[in-house]
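Trainee: Provided below are the primary sequence and the corresponding predicted coordinates.
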Amino acid sequence: MAFDRAELADFWQSWLDGNRKAQETGDWSVLAEFYAPDASYGWSYTPTDHFMATGRDEIRDLALGTEMLGFQGWIYPYQASVIDDRAGMVVGFWRQITTFDSPAGEPYEIKGLGCSWFQYGGARQWAWQRDIFDYGLAVDAVTRLIQDGNVSPQLDQRIAAAAGPQPGHYPSVDALSSPLWPVPRTTY
């Protein structure tokens, strides 16, 4: 099934504008309306910690809420994107950077690649999103924040919550509420 390229490109631009608004306000929940009511959004942290939010409410409350707690003051500017109108997919590459400086006078940054893979569901909504990022480099950046004393109360709260069971977290890919690979595993 092919998708209208102009519609997909226009929706992608709306997504980028919404992402910038979320960065400015620190309120990522405004992005929830970009997802279909039955959409899913997930990523993997480690071999035994995977995250999945299923449904717009879980996406708002967990993926854009709990999981972003403590990352106020961070921005995720998209650097490049690829639109596949044949499959209705978009891949966007982003950076993770603070809007505040470290003691060295430079913003903190997770120095790895960040990427989101989206499936367009029509009606200006994502059917699903999967994120890819380097967990080890994310831990390193947060460790530097802690060592430098730049941890916000929200990040302290998020770190404390990580010590116990967390909603939306699963011990294996097989236990996820939606498949990690939402498309058939094919090769080109």
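Mentor: That came through fine.
Trainee: that's a helix at Gln154, yeah?
Mentor: Yes - applying DSSP: H, G, I helix; E, B strand; the rest coil, one finds Gln154 inside a helix.
Trainee: Which residue, other than its chain neighbours, is closest to it?
Mentor: Once flanking residues are discounted, Gln154 sits nearest to Gly70: 4.3 Å by C-beta to C-beta, 6 or more residues apart in numbering. For every residue, glycine as well, the C-beta is placed using N, CA and C.
Trainee: my guess is that neighbour meets Ile159, correct?
Mentor: Yes - using C-beta atoms under 8 Å, Gly70 is in contact with Ile159, at 7.3 Å.
Trainee: Between those two, tell me which one has more neighbours.
Mentor: Gly70 (20 against 15; other C-beta atoms under 10 Å).
Trainee: For Ile132, see how far away the more buried one is.
Mentor: Distance, Gly70 to Ile132, by C-beta to C-beta, to the nearest Å: 21 Å.
Trainee: and if you look at Tyr120?
Mentor: 18 Å.
Trainee: The two: which is more packed in?
Mentor: More neighbours surround Tyr120 than the other of Tyr120 and Ile132, with 24 against 14 (other C-beta under 10 Å).
Trainee: phi, psi of that one?
Mentor: Phi and psi for Tyr120, reported as degrees, to the nearest 10, are phi -80, psi 130.
Trainee: I'd guessed it sits against Trp128; true?
Mentor: No - at 9.7 Å, Tyr120 does not count as touching Trp128 under the criterion of C-beta under 8 Å.
Trainee: Give me the common contacts of those two.
Mentor: Residues touching both Tyr120 and Trp128 by C-beta atoms under 8 Å, 6 or more residues apart in numbering: none at all.
Trainee: For Pro103, what is the enclosing helix or strand?
Mentor: For Pro103, there is no enclosing helix or strand under DSSP states H and E.
Trainee: What's the separation between it and Asn150?
Mentor: Taking C-beta to C-beta, one finds Pro103 at 8 Å from Asn150.
Trainee: neighbour-wise, which of these two wins?
Mentor: A count of neighbours by other C-beta under 10 Å puts Asn150 above the other of Pro103 and Asn150, at 16 against 10.
Trainee: what does the longest helix anywhere in the chain rub up against?
Mentor: Counting residues, the longest helix in the chain under DSSP state H turns out to be helix 5-25. Applying C-beta under 8 Å, 6+ apart, the contact partners of helix 5-25 are 28, 30-31, 34, 74-78, 81, 83, 85, 88, 90, 92, 120, 124.
Trainee: wait, isn't His94 in contact with Ile75?
Mentor: Check again: residue 94 is Trp, not His. No - Trp94 lies out of contact with Ile75 (C-beta under 8 Å); the separation is 9.0 Å.
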